[in-house]
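Participant: only geometry, no sequence info:
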């Protein structure tokens, strides 16, 4: 029992994690009895009914003693397996409530990723890094997510070799982060590597190939390479329909992205029905209160704004903002983007005071989360300067 506890990070330990690790290691003794004995002997500190912690010197002593156990390898594998199970439950973009629920496990995920990953099986190797990156990415903390995706790529390449699907996945994940940071050349390079690997290792017709095609198209769109982007979006859409069926969230994503490209090119009659179809699908498949629904509402609002349909645009911007703030919190880069969009709408209607207020709020969030030099921060700052002095 003491040896198992010493595997956890020097941080508060949720007792549920201890129970899961003990089960994974097939420990058969009474956990509660042994826990209470350790508390009575001052080897374990009780923080509340569900949380415990070992003092640093005691942890160091137990870490030395545990290496003498005959079944220490099994214990470490069980511990790592339990922690990885937590990582696998972290969604790609966790909501604010999910972040709160996950937070207590994060130090122990870090422990596995940095000190215990030798005891992960090959199938699980990628997950502690992915879980940690998603935890920070979901909060808009891209700089904190970055080293975990980078460490993930280097670790899986070292253990699994260059010719492994998880190496392709790691490149894809890192590219997606670079894309969100506006580092398009680096993102393109990694996406192309991931795409070539996935086609070769998984086959030309595979959902992961479609995913990389879709994301590479996003990069090309952001670089102004619209013809290349459209070609890849259409490839991804047709592949997803064929492999996943007409009613799948990934098909809705492809429709949404294709609509965004047409919107950028002022092909509004082609964009609107695709936006509306994606929105309908997302509401039906994912529920009304979902991040993807908010994204559809936001982009549809932008289309209506460019068509001069200001009331329809404002309603949808506000609906998107409400969902994003409810799920991601008040200080997320996506919220800053939405506030900037709504401010632009107000400016178009000569509602300058309302626009200034939203620009300032958006800029504060963007600078805090992304830094002054990020593309979004610079865009909002320019918009604010442009409107200052107007009444």
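Facilitator: Looks like it came in fine. Predicted model only: the values in this text are computed from it and were never measured. Numbering: from 1, shown residues only.
Participant: Tell me which stretches of the stretch 51-200 of the chain form strands.
Facilitator: 51-53 (DSSP state E, counting those that start in this stretch).
Participant: so where is it shaky, pLDDT-wise?
Facilitator: For the stretch 51-200 of the chain, no stretch has pLDDT under 70.
Participant: What helices and strands are in contact with the helix or strand hosting residue 334?
Facilitator: Assessed by DSSP states H and E, residue 334 sits inside helix 333-348. In terms of contacts (3 or more C-beta pairs under 8 Å, 6 or more residues apart in numbering; DSSP states H and E), helix 333-348 is packed against helix 291-306, helix 310-328, helix 352-370, helix 375-387. In this view, the C-beta of every residue, glycine as well, is placed from N, C-alpha and C.
Participant: in it, what counts as buried?
Facilitator: 333-347 (16 or more other C-beta atoms under 10 Å).
Participant: what angle separates that helix from helix 375-387?
Facilitator: If you take axes from the mean of the first three to the mean of the last three C-alpha atoms, to 10 degrees, helix 333-348 sits at 20 degrees to helix 375-387.
Participant: Return the member of the buried residues of helix 333-348 nearest to residue 204.
Facilitator: residue 334 (33.6 Å; C-beta to C-beta).
Participant: which residues sit in contact with the closest one?
Facilitator: Residue 334 makes contact with 140, 294, 324, 328, according to C-beta atoms under 8 Å, 6 or more residues apart in numbering.
Participant: repeat for residue 175
Facilitator: 186-191, 194, 215, 219.
Participant: Grab the nearest non-local neighbour of it.
Facilitator: Sequence neighbours aside, residue 190 is the residue nearest to residue 175 in space, at 3.7 Å (criterion: C-beta to C-beta, 6 or more residues apart in numbering).
Participant: burial measure for the one you found, as a count.
Facilitator: Residue 190 has 27 neighbours, counted by other C-beta atoms under 10 Å.
Participant: Settle this for me: it is touching residue 169, isn't it.
Facilitator: No: the criterion here is C-beta atoms under 8 Å, and residue 190 misses it with residue 169 at 11.2 Å.
Participant: how about a markdown table for the helices and strands packed on helix 333-348, with mean neighbour count and mean pLDDT added?
Facilitator: Compiled in a markdown table, the helices and strands packed on helix 333-348 are given as follows (neighbours: other C-beta atoms under 10 Å; pLDDT from 0 to 100):
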| stretch | mean neighbour count | mean pLDDT |
| --- | --- | --- |
| helix 291-306 | 22 | 96 |
| helix 310-328 | 19 | 96 |
| helix 352-370 | 19 | 93 |
| helix 375-387 | 17 | 92 |
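Participant: Same list (those) but as JSON lines, adding distance to residue 44.
Facilitator: Rendered in JSON lines, the data for the helices and strands packed on helix 333-348 read as follows (distance: least, C-beta to C-beta, whole Å):
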{"stretch": "helix 291-306", "distance to residue 44": "40"}
{"stretch": "helix 310-328", "distance to residue 44": "36"}
{"stretch": "helix 352-370", "distance to residue 44": "38"}
{"stretch": "helix 375-387", "distance to residue 44": "46"}
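Participant: ok so, going back, show me what contacts the residue nearest to residue 175?
Facilitator: 171-172, 174-175, 178.
Participant: Among these, name the ones in helices.
Facilitator: Among the contacts of residue 190, DSSP state H puts 171-172, 174-175, 178 in helices.
Participant: possible to save these as JSON lines with distance to residue 367?
Facilitator: Output for the ones in helices among the contacts of residue 190, formatted as JSON lines (distance: C-beta to C-beta, whole Å):
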{"residue": "171", "distance to residue 367": "30"}
{"residue": "172", "distance to residue 367": "29"}
{"residue": "174", "distance to residue 367": "25"}
{"residue": "175", "distance to residue 367": "25"}
{"residue": "178", "distance to residue 367": "20"}
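Participant: which of the residues you listed lies closest to residue 245?
Facilitator: Residue 245 lies nearest to residue 172 out of these, by C-beta to C-beta, at 22.7 Å.
Participant: count of neighbours near that closest one?
Facilitator: 23.
Participant: So it versus residue 99, what's the distance?
Facilitator: Residue 172 sits 23 Å away from residue 99, going by C-beta to C-beta, to the nearest Å.
Participant: Flag the shaky bits of the stretch 201-350 of the chain, pLDDT-wise.
Facilitator: For the stretch 201-350 of the chain (pLDDT under 70), the answer is none.
Participant: next one: stretch 47-64 to chain centre, how far?
Facilitator: How far stretch 47-64 lies from its chain's middle: 31 Å, per C-alpha atoms, centre = their mean, to the nearest Å.
Participant: For it, which residues meet the burial criterion?
Facilitator: 51-54, 58-59, 62.
Participant: Could you measure from the residue nearest to residue 175 over to residue 158?
Facilitator: For residue 190 relative to residue 158 (C-beta to C-beta), the value is 18 Å.
Participant: Since that was my last question, I'll sign off now.
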